[in-house]
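Visitor: Sharing a sequence plus its predicted fold:
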Amino acid sequence: MSKKLIGSNNLIVQGSILAIASLIVRLIGLLYRIPLVNILGIEGSGYYASAYTIYTFLLIISSYGLPAAISKIIAKRMTIKKYKEAHIIFKSSLVFAVIIGAAFSGILYFGAEWYSNFIEIPKAKIAIQGLAPALFIFSFMSVFRGYYQGMNTMVPTAISQIIEQVFNAIFSLVIAMLLLQRGVEYAAAGSSIGTGMGAFFGTVFLVIVYFMMRPKIHERCQKDTNTIESGNITFYWKLLLMTSIPMLIGSTAFHVTNLVDGIMFNKALAFHQYSALQIASLSGLFEGKYKILITLPVSIAAAMATASIPSITKSLVLNDHTVVVKKVDLAIRSVLMVSIPAMVGVFVLARPILELLFKDMSYIDVTVNILKLGSITIVLFGVSTISIGLLQGLGLLNIPVKNSLISLVIKVLFNILFLYVLDTNLYGAVITNIIFAAISGYLNFRAVRQYLSLKINIYKTIVAPSIASAIMGVVTFVVYTLLAIVIAPKLSTVLVLPVAMIVYLIALLKLKTFDADELNAIPFGSKLKRFL
């Protein structure tokens, strides 16, 4: 096993492994949130969402840049066969991660009371504190992931991500249920603890892999006669910081929007004299119901983006511009083929889907309205997500960062208008979300087109999926309405979903959206071709 892990060099295979793992992790992460919302209710979901927002932000600052930075540094040493120095860098990075992880865990734990008061939800304090250990564990885990990726294997990272998310889902749900009798704020804290438990088991797996690989690593180190650049641990810490900071700026730019958005939303509600309970409930509804249903199809677009990057990178290395353009065109088309019908499905079945998935029907009319209003963001974020992935694959890392910051500044201005000047609460949050998605999608997509001189096939990319989605929407509405007359509404929803999928696929086929060769070229396309 160790030889396989160290020796694998197939870029496409490695990228595909990580893409598949990413899709599985995203689906588990989104799907377990549905029963979690049912356990916590919208109030408890507000506590959990508030905690998770600040946790994610600190996680990005403390750990997200580490795997990529370590991977880059290790890969360089492995290429020139400096195995001994690569291992020294790995051990130095572990010490660095322990210090950084402990520091940020302390900041989150001891700053929880101040932050929860600042965002106008004091009861979120213990949920925030429950996430503090996870920051420390993730810092430690990120070093192992970066080390393995530097040796050009994504397998340990992919498996650890799935293990982490599975245990996260199990412990989050179980501990939340056990603590629910003490109050929803304790249940929310229980779900926070589950995140740390998932990270712990993911780390255990990575450590086991390390000990399996250790004899081979030590054998390589003993045979290595190359000089070591520096034996000073601080030298490698400086190298790690200089490599990770540019990556960190990029990651932070993409995720700071959620933090700013959450703070502005809560502060605006407090400004208009909403109570802490109302703020928590509205925040929980927005994060726990609206965003779950909007984000699920977008996560598929993100997985497609991840899957597209290795193939595009390989074509770039081969300097095959024609193939690159074709792959980019197909990647964009495949995302729209998923996101356009998802938008129509959410719009048509907003109420039935909510009634099927969630127990708490508080604010049901408002939730239905914001889902219908915000369904367009599925397409907009889908375009933005795939465009960001493509730009990264093309090596244009700074462009998405700049576009994200421009979109954020514009969103903040509209937040002030819709949330502070006008008391539009959830409706305002959705409208500004649409504006942000539209600007971000436009800027990133424009950059892809300009860089590649890309000409989009309007019929196959937009017109055909839109017509097929419209047909699907009409048929879905009629079939659901008829079924709901004779059987239970929830059962009607379950039955109508596969009908909608079949109608859409048949419509796509009749409209000649894809030919056989094009299907072979997109992620999972060969399986779709066999199904059709």
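Guide: Looks like it came in fine.

Visitor: pLDDT weak spots in the chain?
Guide: Where the chain drops to pLDDT under 70, the residues are 1-19, 224-231, 243-244, 246-251, 253-254, 300-318, 320, 393, 515-532.

Visitor: Run a quick neighbour tally on the residue lying closest to residue 418 once chain neighbours are set aside.
Guide: Spatial nearest neighbour of residue 418, chain neighbours left out: residue 428 (3.3 Å); criterion: Cβ to Cβ, 6 or more residues apart in numbering. (Each C-beta comes from the backbone N, C-alpha and C, glycine too.) Using other Cβ atoms under 10 Å, residue 428 is surrounded by 20 other residues.

Visitor: was I right about residue 428 contacting residue 421?
Guide: No: contact between residue 428 and residue 421 fails when scored by Cβ atoms under 8 Å: they sit 9.6 Å apart.

Visitor: Surely residue 41 is in contact with residue 280?
Guide: No: in this structure, residue 41 is not within contact of residue 280 by Cβ under 8 Å, at 10.0 Å.

Visitor: Between these two, which has more neighbouring residues?
Guide: More neighbours surround residue 280 than the other of residue 41 and residue 280, with 32 against 22 (other Cβ under 10 Å).

Visitor: how about the more buried one, what does it touch?
Guide: Applying Cβ atoms under 8 Å, 6 or more residues apart in numbering, we find residue 280 in contact with 42-43, 46-47, 50, 121, 123-124.

Visitor: can I get the residues you listed in TSV with neighbour count, distance to residue 142 and secondary structure?
Guide: Shown next, in TSV, are the contacts of residue 280 (neighbours: other Cβ atoms under 10 Å; distance: Cβ to Cβ, whole Å; DSSP: H, G, I helix; E, B strand; the rest coil):
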residue	neighbour count	distance to residue 142	secondary structure
42	24	33	helix
43	27	33	helix
46	32	29	helix
47	31	27	helix
50	29	24	helix
121	29	29	coil
123	21	31	helix
124	34	26	helix
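
Visitor: Roughly how far does the nearest residue to residue 499 once chain neighbours are set aside sit from residue 492?
Guide: Ranked by Cβ to Cβ, 6+ apart and with sequence neighbours excluded, the top spatial neighbour of residue 499 is residue 479, at 5.5 Å. Separation of residue 479 from residue 492 (Cβ to Cβ, to the nearest Å): 8 Å.

Visitor: before we move on, what about residue 214?
Guide: Taking Cβ to Cβ, one finds residue 214 at 57 Å from residue 492.

Visitor: For the two, indicate the residue with more neighbours.
Guide: More neighbours surround residue 492 than the other of residue 214 and residue 492, with 21 against 12 (other Cβ under 10 Å).

Visitor: quick one, phi/psi of the more buried one?
Guide: The phi/psi pair for residue 492 (degrees, to the nearest 10) reads phi -60, psi -40.

Visitor: next one: residue 457
Guide: The phi/psi pair for residue 457 (degrees, to the nearest 10) is phi -80, psi 100.

Visitor: Check the spacing between it and residue 330 real quick.
Guide: 10 Å.

Visitor: Looking at the two, which has the bigger crowd around it?
Guide: Comparing residue 457 with residue 330 by other Cβ under 10 Å, the one with more neighbours is residue 330, at 23 against 13.

Visitor: Which element, helix or strand, includes that one?
Guide: Element membership of residue 330, judged by DSSP states H and E, is helix 321-348.

Visitor: What of residue 200?
Guide: Assigned by DSSP H and E, residue 200 falls in helix 184-223.

Visitor: Now do that helix: which elements does it pack against?
Guide: helix 2-7, helix 33-59, helix 83-110, helix 125-130, helix 132-150, helix 155-179 (3 or more Cβ pairs under 8 Å, 6 or more residues apart in numbering; DSSP states H and E).

Visitor: mind checking which of those helices is nearest residue 411?
Guide: helix 33-59 (15.5 Å; Cβ to Cβ).

Visitor: which of the residues in stretch 108-124 are buried?
Guide: For stretch 108-124, the neighbour count (16 or more other Cβ atoms under 10 Å) marks 108-109, 111-112, 115-116, 119-121, 123-124 as buried.

Visitor: scratch that, stretch 455-464
Guide: Buried, per 16+ other Cβ under 10 Å, within stretch 455-464: 460-462, 464.

Visitor: Stretch 392-401 too?
Guide: Those would be 392-394, 396, 399-401, for stretch 392-401 by 16+ other Cβ under 10 Å.

Visitor: For that stretch, what is the distance to the chain centroid?
Guide: 18 Å (Cα atoms, centre = their mean, to the nearest Å).

Visitor: Quick one: end-to-end distance for it.
Guide: 10 Å (Cα to Cα, to the nearest Å).

Visitor: residues of stretch 508-515 that come out buried?
Guide: Quick answer for stretch 508-515 (16+ other Cβ under 10 Å): 508, 511, 513-514.

Visitor: need those residues in JSON lines with distance to residue 326 and secondary structure, can you?
Guide: Output for the buried residues of stretch 508-515, formatted as JSON lines (distance: Cβ to Cβ, whole Å; DSSP: H, G, I helix; E, B strand; the rest coil):
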{"residue": "508", "distance to residue 326": "19", "secondary structure": "helix"}
{"residue": "511", "distance to residue 326": "20", "secondary structure": "coil"}
{"residue": "513", "distance to residue 326": "16", "secondary structure": "coil"}
{"residue": "514", "distance to residue 326": "13", "secondary structure": "coil"}
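
Visitor: Which pair of those spans the longest distance?
Guide: 511 and 514 (9.6 Å).

Visitor: Identify the residue nearest residue 269 in space, chain neighbours excluded?
Guide: residue 279 (4.7 Å).

Visitor: same check, this time on residue 164
Guide: In space, residue 164 is closest to residue 202, 3.2 Å off (Cβ to Cβ, 6+ apart).

Visitor: who touches residue 144 in this structure?
Guide: Counting by Cβ under 8 Å, 6+ apart, residue 144 touches 156, 160, 203, 206-207, 209-210.

Visitor: For the residues you listed, which ChimeraX command selects only the ones that are buried?
Guide: Filtering these down to the buried ones (16+ other Cβ under 10 Å) takes a single ChimeraX command:
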select :156,160,203,206,209,210
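
Visitor: could you dump the contacts of residue 144 to JSON lines with distance to residue 64?
Guide: As requested, those are arranged in JSON lines below (distance: Cβ to Cβ, whole Å):
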{"residue": "156", "distance to residue 64": "18"}
{"residue": "160", "distance to residue 64": "15"}
{"residue": "203", "distance to residue 64": "16"}
{"residue": "206", "distance to residue 64": "17"}
{"residue": "207", "distance to residue 64": "20"}
{"residue": "209", "distance to residue 64": "21"}
{"residue": "210", "distance to residue 64": "21"}
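
Visitor: Closest one to residue 22 out of the contacts of residue 144, please.
Guide: residue 160 (12.5 Å).

Visitor: where's the closest residue to that closest one other than its chain neighbours relative to residue 145, distance?
Guide: Distances taken as Cβ to Cβ, 6+ apart put residue 202 closest to residue 160, at 4.3 Å, once the chain neighbours are dropped. As judged by Cβ to Cβ, residue 202 and residue 145 stand 9 Å apart.

Visitor: Residue 32 too?
Guide: Taking Cβ to Cβ, one finds residue 32 at 22 Å from residue 145.

Visitor: higher neighbour count, the two?
Guide: residue 145 (25 against 19).
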